[in-house]
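Participant: Could you look at this predicted model? Sequence included:
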Amino acid sequence: IAWAPDGKTLISGGRDNDIRVWDPDTGKEKCKPLKGHRQFINMITWEPLHLSATQDSRRFASCSKDGTTKIWNYKRSGTPLEMTLGQHTKSVLCVKWGGEGLIYTAGQDRMCLCLAHCGIEYMGERHFETTAFDV
């Protein structure tokens, strides 16, 4: 689970491959479950509030055992999925959205990746001797 930086939304992801967006005051879902991952969700991280063009919490990233990281905007009309990143060859175990706008991922493939969130361009990788569980 992950709390939004503005404290108004909670997001959960699990073994059903779906992401759910919750209103913590009412306990009800804010939208339909977000579908896109083919295997269970490992971690979710919010875009830092100071990077949000609208100054509210709406964008977040999720990573999955399916080897992908996805960028979502649950308030976006149409499809909430903005982008899918698939640079990892095995399960993505961790994702963090940094204060400089970079997205960091670590995977079971022993790689840590750093990706720019504007246009999501590949910026490099670092190989680890053992599996990375956090970045």
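Facilitator: Received the coordinates, thanks.

Participant: use CA for all of it now, contacts and neighbours both
Facilitator: Fine.

Participant: can you give me the strands for this protein?
Facilitator: When assigned using DSSP state E, the strands of the chain occupy the ranges 2-3, 10-13, 19-22, 41-46, 59-64, 69-73, 81-85, 92-97, 102-107, 111-116, 122-127.

Participant: Serialize these to JSON lines and add fields for mean neighbour count.
Facilitator: As requested, these are exported to JSON lines (neighbours: other CA atoms under 10 Å):
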{"stretch": "strand 2-3", "mean neighbour count": "16"}
{"stretch": "strand 10-13", "mean neighbour count": "20"}
{"stretch": "strand 19-22", "mean neighbour count": "20"}
{"stretch": "strand 41-46", "mean neighbour count": "23"}
{"stretch": "strand 59-64", "mean neighbour count": "25"}
{"stretch": "strand 69-73", "mean neighbour count": "22"}
{"stretch": "strand 81-85", "mean neighbour count": "16"}
{"stretch": "strand 92-97", "mean neighbour count": "25"}
{"stretch": "strand 102-107", "mean neighbour count": "24"}
{"stretch": "strand 111-116", "mean neighbour count": "21"}
{"stretch": "strand 122-127", "mean neighbour count": "12"}
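
Participant: Residue 52 is nearest to which of those strands?
Facilitator: The minimum distance between residue 52 and the strands of the chain falls on strand 59-64, with 7.9 Å, by CA to CA.

Participant: Reformat the strands of the chain as JSON lines; add mean pLDDT and distance to residue 32.
Facilitator: What follows is those, written out as JSON lines (pLDDT from 0 to 100; distance: least, CA to CA, whole Å):
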{"stretch": "strand 2-3", "mean pLDDT": "94", "distance to residue 32": "17"}
{"stretch": "strand 10-13", "mean pLDDT": "96", "distance to residue 32": "12"}
{"stretch": "strand 19-22", "mean pLDDT": "96", "distance to residue 32": "7"}
{"stretch": "strand 41-46", "mean pLDDT": "96", "distance to residue 32": "17"}
{"stretch": "strand 59-64", "mean pLDDT": "95", "distance to residue 32": "16"}
{"stretch": "strand 69-73", "mean pLDDT": "94", "distance to residue 32": "13"}
{"stretch": "strand 81-85", "mean pLDDT": "91", "distance to residue 32": "13"}
{"stretch": "strand 92-97", "mean pLDDT": "94", "distance to residue 32": "23"}
{"stretch": "strand 102-107", "mean pLDDT": "91", "distance to residue 32": "25"}
{"stretch": "strand 111-116", "mean pLDDT": "83", "distance to residue 32": "28"}
{"stretch": "strand 122-127", "mean pLDDT": "49", "distance to residue 32": "31"}
